[in-house]
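**Q** Structure for the following, please:
(chains A and B)
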2 protein chains.
Amino acid sequence: MARVDKPTRVAIAGFGTVGRSVARLLQELAHPELRLTAILNRGIERKRVDWIDASVRWTESLDDALGDDVDVFVELIGGRSPAECWIRKALQAGKSVVTANKQVIAHRGPELLAEASRLGRHLRFEAAVAGGVPVVRAIEHGLAGDSLTRVTGILNGTCNYILSRMERDRLPFREALAEAQTLGLAEADPSQDIHGSDAQAKLAILTQIALAVHVAPDAIKTRGIDEIDAVDFVYARQMGCTIRQVAWAERTRDSGVVRAGVGPALVPLESPLARVRGSENIVTLQGRFGGETTFGGRGAGGEPTAVAVVSDLLAIAKDEVPLAARVSVAHAEVSPDFTSAYYVRFTVADRPGIIASLASAFARHSINIDAILQEPGFPIGRRPFVVSLEPSPVSSIERAMNDLSTFEFHGEAPVALPVLSAVSTGVLA
Amino acid sequence: MARVDKPTRVAIAGFGTVGRSVARLLQELAHPELRLTAILNRGIERKRVDWIDASVRWTESLDDALGDDVDVFVELIGGRSPAECWIRKALQAGKSVVTANKQVIAHRGPELLAEASRLGRHLRFEAAVAGGVPVVRAIEHGLAGDSLTRVTGILNGTCNYILSRMERDRLPFREALAEAQTLGLAEADPSQDIHGSDAQAKLAILTQIALAVHVAPDAIKTRGIDEIDAVDFVYARQMGCTIRQVAWAERTRDSGVVRAGVGPALVPLESPLARVRGSENIVTLQGRFGGETTFGGRGAGGEPTAVAVVSDLLAIAKDEVPLAARVSVAHAEVSPDFTSAYYVRFTVADRPGIIASLASAFARHSINIDAILQEPGFPIGRRPFVVSLEPSPVSSIERAMNDLSTFEFHGEAPVALPVLSAVSTGVLA
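**A** Next comes the predicted model:
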C-alpha cells in the first residue's frame, strides 16, 4: 500500500496533438501526485506555448529529458525508431515509461516489459490500443478473475468512419476516404489504416494482454477495406448485416497457436460491432465464465488518448502493481485458418451459365451455397450479384476463389468477406 | 510493488448461486495467489457439495469464518442486515472484505471504506454494480486521468428483459414479467426490480465512484416500468426511439448537488442504451476530456458476478492500492429537476376538444408541443395517442400533468416519459 508524499515528475517526449493534450490535462486537473517537469521535441523553439508553467524545461536533448528531476518518461513520438531505443534508454536510466506507441509495443512489448520488470520500473501503454477506451486496464484488473478466450474489435477509427459513411449515404469508397482526409480523420497516405496494419498492431497488443501470448504482428493476416463497394452494403443489409473492419483473435486447443485476422467482414446489424459509428472504437472480450463484455469509446484524438496517458501516470504515481508482473507472455504462431460463413460478390458481364459454373466450382471444394442475391437495375455488362456460402474453412474458400478467378466472365475481381455469426456477436464462425 | 509468496486465504459467506460460482472459479482456475479456506452458511449440512477440496472448512459460525486462517472475507449473503454488521466485524478482525452487496455499499460505502482504510484493510465491491461488467475498475483505473461529469446506465437486467420482450413481440407488461419469472430472471416478488430500487442502489454506488459524491439512495427518485404498455413501443418507434429503464446521475455547477433519477425513458434507437437486449447491463460515462466511454456485459448471474468477486480477490492478493485511497466522498443532495423533451401518452374516451384542452394546459406552464401522434385502430372509448413536448423543466411537466389529471376524459392515467436527446447518447436533456 504505497503512499505518495512527493509528486511523480514527468517528462513528455513529443509535443504534438497528444503531447499537448497530456500537458493540458496535467495543468488543468492539477493532480497533486503528478508534476510536469520537461518537454522534449525537435525544434523545441517552434513548439513553445505560453500556457505551460514557467518551471517546465523545454529541451531537444534526450539526456536532458532523462535528468535527475524526472521519474517517468512519456514517449509520444510514434514510429518504431528511435522510440524503441528511447524507451530502453529511459528504463536503463531508472525511469518508468508510459507510451502510446502501438508499433513498439506490438513488436517488442513482452521484451520491454521484462526489461522494466528486471529494472524494477513501470512500463504502461493504455493509450497504445483503442485510445480513450480503458481496455488494457479492464483486462488487467476487472476481468483478471476470468479466463479470456477471444478478443474482437473495431480498432481503426478511420476505417470505421469510411465504412459508416458508405453505409449511411452510399458514398463510393474514394469519396468517403477523401472526406475523412478533409476532416483530418485520415492521413494523406492512409494505407496504414485502410490496409489494416494499424489495427494489426493494436490486435497484437490485445492478444498479449487478453490471451497472454505474443504473436508477431506481421503474422496476422490483413485485408484492406478498399475493395468494398457501396453495393456491398445493399447486399449485406439483405442478409441482416453491415460491413466493418474487424480485428479478432482467439485461442485454439493448442496453446502455441491462435487464430487471428484483420479485415472487412459482414457483422449482424444487432451486434455491438454494427452499432459503432464514425471514428469510435469497440473491443469485445469473451470470457470462459463471464461471457461477453464490451468496451467502447473514442479510439483516437488528443484528449481521449491523453486521458489514457494520465491514467497510466496516476497508476505509476500510486505505485500500482506493474503490468509486467501480470503479463507472462509466451510466443504463439498465428493460424489464419478458421471456419466461417461467407459473402462473395461477383461483378460479371452477364450471360447464361455463370451460376452453374460458380456452383460447380464451389461444390468441388465441398462448399455449400446458402443463397444467391441479385439486385435489379445494373447494366448487363457489369452486374453485381452475391453468393452466400455456408460455414466452410477459409482455406477451402481461398482455393475455390482461386479456381474461380480463371473464369472469363468477371467484370471485376470477386470480393469474398467472412460473415460473423448472428448467434454470438463476437465470433467469426 | 508487493510480491505474494503465500496464498491469500478466503472465506465465503453465503453459499448460494454466486457463492458456488466463486468456489468453482477458485477451484477450476487454480490461481496460486488464492486459496479457499472456509465456507459459511446457515444449515451448512444441506449446502455441502462433494466437488469442494476436503481441506475447506464448512461452518455456521461467523467467528469460525473469521479465524486465523482467513485473510479475506467474501460477503455474499445479501440484504442490509446482518451483512453490514458482518462486514464491520470482518474488518475489525483484521480481514479484508469483498462484497457483492449493493444495498450495504449504496447506503454505507463511504463509511465502510473509511473504516477499512483506518484499519489498513481492503474493501472491494466490483460485483455490487453491473455484475460481470468491470465498471468500478474502469473508473478507478482506466478513467482516473479524466474528470467524469455524468454516468448513465441500464443497471437492472430484469427490467431490460421485460422491456426488450415488450418491444420485440408486443407482449403486455404482465406477460413479459411472468415470462421473466418463469425463466428465473425475476423474483416471485419483483418489486425491487420493477419499481427501480435495485437500480437506485447501483446508481448510488456509481455516483460514489464516478462523481465522488455520496447521495442517500432513497433520495434518488424512481419510477416503475409497470405503467409502460406495448403501444408505447409503437409510438416510441415513430419518434426513432425505444423504451428502457435508465439510471442516470450528473454533476451540476454546485458541487453539493447532483441531478439523478431512475425510471423508464425513451432512448434513440441508435444509442448504445437502445441496443442492450435481454438481461444485459450497460454503463456509459461522460468525461470532460475523454468523451463518452461505454461498458457492457452480463449484469447478473452466478458466473459473471463470480468473475467480479475473484478479480477483487486477486487485487487484494496483489495488495493493489485500496479503493478507499481513491474515493474521497463528500455528501451531496439530489435534485430531481432537469430539463428534458417529453413523451406523454394519453388514453381517452375520444370526443372533440380534447387536444385543445391539453394544449392550453401545457401552454399555461410554458410547455411547447412538438407533435401529436395517433395510431389508428383503437376503440373510440379507449384511444391512446401521444403528445411529444419540447424540452422543459421536469417540474413544469409535473405541474402540467397534475392539472391535466382533473380532466374527465381519461380512460387511463396518462404516462409521461423523458426522451433522451438524440445528440448525446447519454444525456437526458
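**Q** Only C-alpha atoms from now on, for both contacts and neighbour counts.
**A** OK.
**Q** How far does stretch A:29-45 sit from its chain's centre?
**A** On the basis of C-alpha atoms, centre = their mean, to the nearest Å, the separation between the geometric centre of stretch A:29-45 and that of its chain is 28 Å.
**Q** I misspoke; the intended subject was stretch A:161-175.
**A** Here stretch A:161-175 shows a centroid-to-chain-centroid distance of 20 Å under the convention C-alpha atoms, centre = their mean.
**Q** can you check stretch A:188-198 too?
**A** Counting by C-alpha atoms, centre = their mean, stretch A:188-198 comes out at 11 Å from the chain centroid.
**Q** again, but for stretch A:129-148
**A** The gap between where stretch A:129-148 is centred and where its chain is centred comes out at 14 Å by C-alpha atoms, centre = their mean.
**Q** May I have stretch A:31-51 as CSV, with CA atoms only?
**A** Only the C-alpha atoms of stretch A:31-51 are listed here, as CSV (Å, rounded to 0.1, in the frame of the first residue of the first chain):
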residue,chain,number,x,y,z
HIS,A,31,-3.4,16.1,-9.8
PRO,A,32,-1.2,16.6,-6.7
GLU,A,33,0.5,13.3,-7.5
LEU,A,34,1.9,14.5,-10.8
ARG,A,35,4.2,17.3,-11.9
LEU,A,36,5.2,18.1,-15.4
THR,A,37,9.0,18.8,-15.4
ALA,A,38,10.3,18.6,-19.0
ILE,A,39,9.1,18.7,-22.6
LEU,A,40,11.3,17.2,-25.3
ASN,A,41,10.8,17.8,-29.0
ARG,A,42,12.9,18.5,-32.1
GLY,A,43,12.9,22.3,-33.0
ILE,A,44,11.6,23.0,-29.5
GLU,A,45,11.6,26.8,-30.0
ARG,A,46,8.7,26.4,-32.6
LYS,A,47,6.8,24.3,-30.1
ARG,A,48,6.8,26.6,-27.1
VAL,A,49,3.4,27.7,-25.8
ASP,A,50,2.7,30.3,-23.2
TRP,A,51,0.1,28.3,-21.2
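**Q** Buried residues of that stretch, list them for me.
**A** Residues A:Glu33, A:Leu34, A:Arg35, A:Leu36, A:Thr37, A:Ala38, A:Ile39, A:Leu40, A:Asn41 are the ones in stretch A:31-51 that count as buried (16 or more other C-alpha atoms under 10 Å in any protein chain shown).
**Q** check contacts around the closest residue to the first one other than its chain neighbours.
**A** Think A:Glu33. If you skip the residues right next to it in sequence, A:Glu33 has A:Pro7 as its closest partner in space, 4.5 Å away by C-alpha to C-alpha, 6 or more residues apart in numbering or on different chains. Contact criterion C-alpha atoms under 8 Å, 6 or more residues apart in numbering or on different chains gives A:Pro32, A:Glu33, A:Leu34, A:Arg35, A:Ala317 as the residues in contact with A:Pro7.
**Q** Same list, those residues, but as JSON lines with pLDDT and distance to A:Thr158 please.
**A** Listed next are those as JSON lines, based on pLDDT from 0 to 100; distance: C-alpha to C-alpha, whole Å:
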{"residue": "A:Pro32", "pLDDT": "92", "distance to A:Thr158": "36"}
{"residue": "A:Glu33", "pLDDT": "93", "distance to A:Thr158": "35"}
{"residue": "A:Leu34", "pLDDT": "97", "distance to A:Thr158": "33"}
{"residue": "A:Arg35", "pLDDT": "97", "distance to A:Thr158": "34"}
{"residue": "A:Ala317", "pLDDT": "94", "distance to A:Thr158": "34"}
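**Q** Return the subset of those lying in helices.
**A** Judged by DSSP state H, helices contain the following of those: A:Ala317.
**Q** Please identify which of the contacts of A:Pro7 is nearest to A:Leu358.
**A** Top of the list for closeness to A:Leu358, among the contacts of A:Pro7 and by C-alpha to C-alpha, is A:Ala317 at 62.4 Å.
**Q** Surely that closest one and A:Arg35 touch.
**A** No. Taking contact to mean C-alpha atoms under 8 Å, the distance of 10.2 Å between A:Ala317 and A:Arg35 leaves them out of contact.
**Q** Could you check how far the residue lying farthest from the centre of chain A is from chain B?
**A** For chain A, the C-alpha farthest from the mean C-alpha position belongs to A:Pro352; by C-alpha atoms, centre = their mean, that distance is 43.5 Å. Using C-alpha to the nearest C-alpha, to the nearest Å, one obtains 43 Å as the distance from A:Pro352 to chain B.
**Q** Tell me the pLDDT of that residue.
**A** On pLDDT, A:Pro352 comes in at 89.
**Q** host element of it?
**A** Following DSSP states H and E, there is no helix or strand that holds A:Pro352.
**Q** Name the nearest residue to whichever residue of the stretch 51-200 of chain A sits closest to chain B, ignoring sequence neighbours.
**A** As assessed by C-alpha to the nearest C-alpha, chain B sits closest to A:Gly145 within the stretch 51-200 of chain A, at 4.2 Å. For A:Gly145, ignoring the flanking residues on the chain, the nearest one in space by C-alpha to C-alpha, 6+ apart is B:Ser311 at 4.2 Å.
**Q** ok but the one you found is inside a helix, no?
**A** Yes. Following the definition DSSP: H, G, I helix; E, B strand; the rest coil, B:Ser311 is counted among the residues of a helix.
**Q** List the contacts of it.
**A** When contacts are taken as C-alpha under 8 Å, 6+ apart, B:Ser311 is in contact with A:His141, A:Gly142, A:Leu143, A:Ala144, A:Gly145, A:Asp146.
**Q** thought the fourth one was touching B:Leu314?
**A** Yes. Taking contact to mean C-alpha under 8 Å, the distance of 7.3 Å between A:Ala144 and B:Leu314 places them in contact.
**Q** Quick one: name the residues of the stretch 1-150 of chain A near chain B.
**A** Where the stretch 1-150 of chain A comes near chain B, counting by C-alpha under 8 Å from any C-alpha of the partner chain, the residues are A:1-2, A:25, A:29, A:126, A:132-135, A:137-138, A:141-147.
**Q** same check, this time on the stretch 251-400 of chain A
**A** Contact residues, the stretch 251-400 of chain A versus chain B (C-alpha under 8 Å from any C-alpha): A:270, A:272, A:275, A:289-298, A:303-305, A:307-312, A:314-315, A:318-322.
**Q** among the residues you listed, which are in helices?
**A** When these are checked against helices using DSSP H, the ones located there are A:Glu303, A:Pro304, A:Thr305, A:Val307, A:Ala308, A:Val309, A:Val310, A:Ser311, A:Asp312, A:Leu314, A:Ala315.
**Q** could you flag which of those residues are buried?
**A** Among those, those classed as buried by 16+ other C-alpha under 10 Å are A:Glu303, A:Pro304, A:Thr305, A:Val307, A:Ala308, A:Val309, A:Val310, A:Ser311, A:Asp312, A:Leu314, A:Ala315.
**Q** pLDDT added to the residues you listed, as CSV?
**A** CSV is the format used below for these (pLDDT from 0 to 100):
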residue, pLDDT
A:Glu303, 93
A:Pro304, 93
A:Thr305, 95
A:Val307, 95
A:Ala308, 96
A:Val309, 97
A:Val310, 96
A:Ser311, 95
A:Asp312, 96
A:Leu314, 94
A:Ala315, 93
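**Q** hmm, back to that, for the contacts of B:Ser311, please prepare TSV with the additional fields pLDDT and neighbour count.
**A** Written out in TSV, the entries for these read as follows (pLDDT from 0 to 100; neighbours: other C-alpha atoms under 10 Å in any protein chain shown):
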residue	pLDDT	neighbour count
A:His141	85	22
A:Gly142	84	28
A:Leu143	88	28
A:Ala144	86	22
A:Gly145	88	28
A:Asp146	92	24
